[in-house]
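**Q** no letters, just coordinates:
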Ligand SMILES: [Zn+2]
Ligand SMILES: [Zn+2]
């Protein structure tokens, strides 16, 4: 079966994420766009995953529990878990490692933890877009050892990407890669390349989803499908 998925989205917890983009609105918008597997990956924090989980259940979506980790080299990597408990544990670990720099909401935006209804439960004080201080290869190894999907984000972007910041893609056992433009003009070791919306605003949700041929909608089938790499993209993604 051809499954529509979008594994890279933010919420109002990310300082750069719009305050209106609550986990519940993200899930509802994704459902309306026919997305069947959806991940929330805020920067270096997993605190909005509980509301996201509830929302995905209400919307009958397969929710996956992610985070976009900033490595010591300022490369962004998506780490995506099947279980919210594992994701929250890894999230607490990464958030603890962030330097004690306070967020300036006027400069960077608010960092809001919300419930299903979108009510603010907490404002995170530590700036979430700092570097975690862990190296690229250590983040990959640590997340894989916790049974996460590990996907270097927007590898072909000119900032915060493995190609821009390291100059090449190290040959490591990634679950897949995420790119902005298809095809990617770099050595990608035959890995499956996904696109993701990287939505920071409601209007961006689902705009860069992709499709994967899968046996069924499960984490196990997703892992298998990422190995097989039978992926297709939305029309606007392929570069002309
Ligand atoms: Zn990023
Ligand atoms: Zn992102």
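**A** Nice, I can see it. For clarity, every value in this text was computed on a predicted model and none was experimentally measured. Numbers count the residues shown, from 1 in each chain. Ligands and ions are numbered 1, 2, ... in the order given.
**Q** who are the contact partners of the residue nearest to residue 212 when sequence neighbours are not counted?
**A** The shortest distance from residue 212 to any non-neighbouring residue, by CB to CB, 6 or more residues apart in numbering, is to residue 225 (4.8 Å). For the C-beta atoms, the positions are set from N, CA and C on the backbone; glycine is no exception. Taking CB atoms under 8 Å, 6 or more residues apart in numbering, we find residue 225 in contact with 3, 212-215.
**Q** of these, closest to ligand 2?
**A** Checking the contacts of residue 225 against ligand 2 by CB to the ion gives residue 212 as the nearest, at 19.7 Å.
**Q** low-confidence ranges in this structure?
**A** 237-240 (pLDDT under 70).
**Q** moving C-terminal from the longest strand seen in it, which element do we reach first?
**A** The residue-count maximum for a strand in the chain (DSSP state E) belongs to strand 62-70. Following strand 62-70 in sequence order, the next helix or strand is strand 76-81 (DSSP states H and E).
**Q** contacting residues around the residue of the chain found nearest ligand 1?
**A** Of the residues in the chain, the one nearest ligand 1 is residue 76, at a distance of 3.5 Å by CB to the ion. Counting by CB under 8 Å, 6+ apart, residue 76 makes contact with 68-70, 152-154, 160-161.
**Q** among these, which are within reach of ligand 1?
**A** residue 153 (CB under 5 Å from the ion).
**Q** return the closest of the contacts of residue 76 with respect to ligand 2.
**A** Distances from ligand 2 to the contacts of residue 76, taken by CB to the ion, are shortest for residue 68, at 4.7 Å.
**Q** nearest spatial neighbour of the closest one, chain-adjacent residues omitted?
**A** Distances taken as CB to CB, 6+ apart put residue 41 closest to residue 68, at 4.4 Å, once the chain neighbours are dropped.
**Q** what residues are bridge-paired with the one you found?
**A** residue 66 (DSSP bridges).
**Q** lovely, talk soon.
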